[in-house]
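> Test case, fold it:
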Amino acid sequence: ATKNSFRTFSLVSKIVLLMTVSLIIVGALFFFFAESNNPETIGGLPINSQIGISIFEGISGRTAGFSTIDYGYTRPATDVFMSLLMFIGGATGSVAGGIKVTTFFIIILSVVALIRERAHVTAFGREIAPDTVRRSYAVTLICLGFVFLCTLFLALTNSHILVRDLAFESFSAFGTVGLSTGATSHLNSFGQVIVIITMFIGRVGPIIVGLRMVPNREASPYRYATEPVTIG
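Down below sits the predicted model:
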């Protein structure tokens with residue numbers, strides 16, 4: 001009955017459920033193995049507490065931003081991975097920031113289809129429209145570029161703070177998460193304004209970009225000649 005019920009879900013619901021469960025598991029496992037030997041975070045705690053905190057941080061890193069540890073003492077690998085989770089964000093239509101799990105999933109599928117030399121991107125017995133695939137790449141690249149610019153401007157105006165911490169702040173602001181390595185209170189006024197703008201863009205930016213890129217169905221009266229371009 002449960003299997004049949006899952007089949008009745010829309011494609012978006014299936015993707016959201018799959019990605020949410022997958023990211024929780026992967027996030028918790030990575031956090032546990034990266035921090036279980038770190039005495040400054042969870043290394044000195046009982047195993048059940050380590051597991052519980054790892055699961056909590058794996059979930060919180062994409063949504064609420066609540067923290068039970070001090071991210072000022074986490075491993076560099078943990079900061080990088082949590083930045084990825086914050087960039088991905090939550091489900092489409094939720095209050096979470098980031099590019100959303102559906103966008104990330106479509107990009108993964110398109111890469112797999114390219115590797116397997118398949119002409120179409122499919123998921124759960126359905127083909128994903130090429131326009132949706134292109135928009136997913138555009139949203140991701142635009143948002144990633146914005147986070148890069150945010151980090152760059154923070155580095156220019158707050159040179160007394162490590163770039164690692166500034167990058168973490170940028171991803172956290174874009175994902176409207178709220179996690180911090182402790183650099184927030186040390187930002188100057190210009191840096192705080194940058195973070196505020198990044199939070200706003202992270203919340204509404206992907207939505208605006210996605211809607212603005214709805215394809216124009218009017219047929220073009222002409223097309224340019226195709227010419228191969230070497231990449232890689």
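> Next up, the contacts around the residue at minimal distance from the centre of the chain.
Taking C-alpha atoms, centre = their mean, the centroid of the chain lies closest to residue 88, which sits 1.5 Å from it. The contact partners of residue 88, by C-beta atoms under 8 Å, 6 or more residues apart in numbering, come to 23, 62, 98-101, 104, 175. Yep, even glycine has a C-beta here, placed from its N, CA and C like the rest.
> Could you check how far it is from residue 159?
29 Å (C-beta to C-beta, to the nearest Å).
> what's the least confident helix or strand in this structure, going by average pLDDT?
helix 2-7 (a mean of 68; mean pLDDT, DSSP states H and E).
> now the helices for this structure?
Remark: helices assigned in the chain by DSSP state H are 2-7, 11-35, 47-60, 76-88, 101-115, 130-157, 163-174, 189-212.
> centre of the chain versus the third one, how much separation?
Helix 47-60 has its average C-alpha position 20 Å from the chain's average C-alpha position, going by C-alpha atoms, centre = their mean, to the nearest Å.
> Repeat that for the longest one.
Centroid displacement of helix 130-157 relative to its chain, using C-alpha atoms, centre = their mean, is 11 Å.
> Show me the shaky parts of this structure.
1-4, 205-219 (pLDDT under 70).
> Quick check: the gap between residue 84 and residue 92.
In terms of C-beta to C-beta, residue 84 sits 18 Å off from residue 92.
> With residue 183 instead?
On the measure of C-beta to C-beta, residue 183 and residue 92 end up 30 Å apart.
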